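Peer 1: Here is the input, now give the coordinates:
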Amino acid sequence: QARTKRAAFFWKWLTGILFFSINLWWIGSVTIPGAMALMLYMGMWFALVALVLRGAGIFEPADAPTWRPAVWTILSLFAVAAVWVTAEWTWGNLFTGLPWLYIGHTQTPILAMCQIADFTSAYGVSFWVVLVNAWFAFLIIHRLNPARLIGPGVLILILLAAILGYGVFRMQQ
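Peer 2: Numbers count the residues shown, from 1 in each chain. Have a look, this model is predicted:
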């Protein structure tokens, strides 16, 4: 619901700070100033994702014009997932060396859906989770025009069925 890119950046930075503070609280037992600096820094990744997505015009306020075709919606959903997975990869490999707390790590109870990790790693699992959640976010944002999300929803269901089929196949091997 943030009206400006600056507001989206700030709120996502705050969200990131809270997320990492709750999940990495134990680092404070080593160094409190270092932990505080780390939380401020890691929260920046959430803010950068918000800035990229808002800057690309993907997430706009609900009252923004809806002239875009269905192909834009599909590309936007995949872009959201790609931007998020890029942020996860970047914070885990380039700038912090902390490959923790990826969204894909949360899906281990659904083992069949995680089998794609054998060739995509946790990033592939994160990708489909963010893709599904982006679809629901679009559904909430565009609740006045949900018909434009039917085609992308069917495409995502087909993708999830393929991932599940592969997972079942791999688990039977």
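
Peer 1: mind listing the helices for this protein?
Peer 2: Assigned by DSSP state H, the chain shows helices spanning 5-23, 32-55, 70-90, 117-141, 150-172.

Peer 1: Which elements pack onto the shortest one?
Peer 2: Applying 3 or more Cβ pairs under 8 Å, 6 or more residues apart in numbering; DSSP states H and E, one finds that helix 5-23 makes contact with helix 32-55. Backbone N, C-alpha and C define where each C-beta goes, glycine included.

Peer 1: Buried ones in the helix it packs on, by neighbour count?
Peer 2: 35, 38-39, 42-54 (16 or more other Cβ atoms under 10 Å).

Peer 1: Tell me how far residue 26 lies from residue 100.
Peer 2: Distance of residue 26 to residue 100, given as Cβ to Cβ, to the nearest Å: 11 Å.

Peer 1: Which one of these two is surrounded by more residues?
Peer 2: residue 100 (14 against 8; other Cβ atoms under 10 Å).

Peer 1: What number of residues are in the vicinity of residue 111?
Peer 2: Residue 111 has 12 nearby residues by other Cβ under 10 Å.

Peer 1: Okay, now the unreliable bits of this structure?
Peer 2: Within the chain, the segments meeting pLDDT under 70 span 1, 59-69, 144.

Peer 1: got the helices of the chain as JSON lines, with distance to residue 110 columns?
Peer 2: Shown next, in JSON lines, are the helices of the chain (distance: least, Cβ to Cβ, whole Å):
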{"stretch": "helix 5-23", "distance to residue 110": "20"}
{"stretch": "helix 32-55", "distance to residue 110": "24"}
{"stretch": "helix 70-90", "distance to residue 110": "17"}
{"stretch": "helix 117-141", "distance to residue 110": "9"}
{"stretch": "helix 150-172", "distance to residue 110": "9"}
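
Peer 1: Of all those helices, which one is nearest residue 105?
Peer 2: The closest of the helices of the chain to residue 105 is helix 117-141. By Cβ to Cβ, the value is 5.9 Å.

Peer 1: can you give me the angle the closest one makes with helix 150-172?
Peer 2: If you take axes from the mean of the first three to the mean of the last three Cα atoms, to 10 degrees, helix 117-141 sits at 150 degrees to helix 150-172.

Peer 1: follow-up on the earlier one: the helices of the chain: which one's closest to residue 96?
Peer 2: helix 32-55 (7.0 Å).
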